[in-house]
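Novice: this is the structure alone, sequence omitted:
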């Protein structure tokens, strides 16, 4: 086996993190709260969120920054495009936005970024700038013909329509393909119980499932995202996650080709 390289070496420094968000920032809030719990238990910081970035002035970034005494940087993506008279689908221009964002965040010397409800597509400059960690409301280890089955913004709805009897959240590295990064952790399953059987081809049933999916997505935040996202960051900061020369991920020296399921390790 080739030599393993930790995603972060705790002997070098405390993991410095920037939080990226667009809305309520509930995932970032839980990451910050978990960091405080660990600091009080161990007498030192395990990771440190050194700055918060929001791509919209409508988010709660300033409120979270005020509560936790963390610097906040806001650059409105909608205004950026409007000023230049370009459509938001212009990803080449998005690269320029991301380069400017990286420059604005450079004084904080972060090596990692948590995508805590960050609704913008991360272009390559941002992907390359940080060790990015995201959480997705689906079990990304489920594949069909070699492709991940439940990706995108309707993952919960799609899973319920496909007849899945439980839902999971997945933390993964942010890489070039949206929702395509290497899997870090998968949450314990949240059971799905629909009141009535439904035909996935019936438009009325699809609408009913879409409404149910909104509720299940909120439940999954509590039962999945808020559990595994902070712990994933903790384990990265502690040096538990590593990769070999081919990029294969390991946890405590053991290969995890489909990620680590939280129910297989202590939740403490």
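Specialist: Yep, that arrived. These numbers come from a predicted model, not from an experiment. Numbering: from 1, shown residues only.

Novice: kindly indicate whether the residue nearest in space to the middle of the chain is helix, strand or coil.
Specialist: Residue closest to the average C-alpha location in the chain (CA atoms, centre = their mean): residue 134, at 1.7 Å. Recorded secondary structure, residue 134: strand (DSSP: H, G, I helix; E, B strand; the rest coil).

Novice: quick check: it touching residue 117?
Specialist: No: proximity of residue 134 to residue 117 does not meet the contact threshold set by CB atoms under 8 Å, at 9.8 Å. (Each C-beta comes from the backbone N, C-alpha and C, glycine too.)

Novice: I'd say residue 90 and residue 81 touch.
Specialist: Yes: between residue 90 and residue 81 there is a contact under CB under 8 Å: 7.4 Å.

Novice: looking at the two, which one has more neighbours?
Specialist: residue 81 (17 against 13; other CB atoms under 10 Å).

Novice: show me where this structure has its helices.
Specialist: Applying DSSP state H to the chain gives helices spanning 26-42, 61-68, 77-84, 91-105, 124-129, 155-161, 203-220, 226-237.

Novice: worst mean pLDDT among these?
Specialist: Across the helices of the chain, helix 203-220 has the smallest mean pLDDT, namely a mean of 84.

Novice: what comes up buried for it?
Specialist: 205, 208-209, 212-213, 216-217, 220 (16 or more other CB atoms under 10 Å).

Novice: where does the stretch 51-200 of the chain have low pLDDT?
Specialist: 195-200 (pLDDT under 70).

Novice: how close does residue 40 get to residue 30?
Specialist: 16 Å (CB to CB, to the nearest Å).

Novice: residues contacting the residue nearest to the centre of the chain?
Specialist: Residues near residue 134 by CB atoms under 8 Å, 6 or more residues apart in numbering: 114-115, 118, 171-174, 179, 181.

Novice: ok, it to residue 86 distance?
Specialist: 26 Å.

Novice: over to residue 123?
Specialist: Residue 123 sits 14 Å away from residue 86, going by CB to CB.

Novice: of these two, who's got more company?
Specialist: Using other CB under 10 Å, the more surrounded residue of residue 123 and residue 86 is residue 123, with 18 against 13.

Novice: so who does the more buried one touch?
Specialist: Counting by CB under 8 Å, 6+ apart, residue 123 has contacts 91, 94-95, 98.

Novice: of those, buried ones?
Specialist: For the contacts of residue 123, buried by 16+ other CB under 10 Å: 94, 98.

Novice: can I get the contacts of residue 123 in a markdown table with distance to residue 54?
Specialist: Output for the contacts of residue 123, formatted as a markdown table (distance: CB to CB, whole Å):
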| residue | distance to residue 54 |
| --- | --- |
| 91 | 20 |
| 94 | 16 |
| 95 | 19 |
| 98 | 14 |
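
Novice: quick one: which of the contacts of residue 123 is nearest to residue 25?
Specialist: Nearest to residue 25, judged by CB to CB, of the contacts of residue 123 is residue 98 at 19.4 Å.

Novice: list the residues that contact the closest residue to the closest one other than its chain neighbours.
Specialist: Closest residue in space to residue 98, ignoring its immediate chain neighbours: residue 126 at 4.1 Å, by CB to CB, 6 or more residues apart in numbering. Residue 126 makes contacts with 98, 101-102, 113, 132, as judged by CB under 8 Å, 6+ apart.

Novice: again, but for residue 169
Specialist: 135-138, 186-187, 220-221, 223-225, 227-229.

Novice: and if we set it to 7 Å?
Specialist: Counting by CB atoms under 7 Å, 6 or more residues apart in numbering, residue 169 makes contact with 135-137, 187, 220, 224-225, 228.

Novice: for the buried residues of helix 203-220, which one is nearest residue 147?
Specialist: residue 213 (21.1 Å).

Novice: measure the closest one to residue 146 for me?
Specialist: Applying CB to CB, the value for residue 213 to residue 146 is 26 Å.

Novice: again with residue 123
Specialist: In terms of CB to CB, residue 123 sits 25 Å off from residue 146.

Novice: cool, residue 261 as well?
Specialist: Taken as CB to CB, the span from residue 261 to residue 146 is 21 Å.
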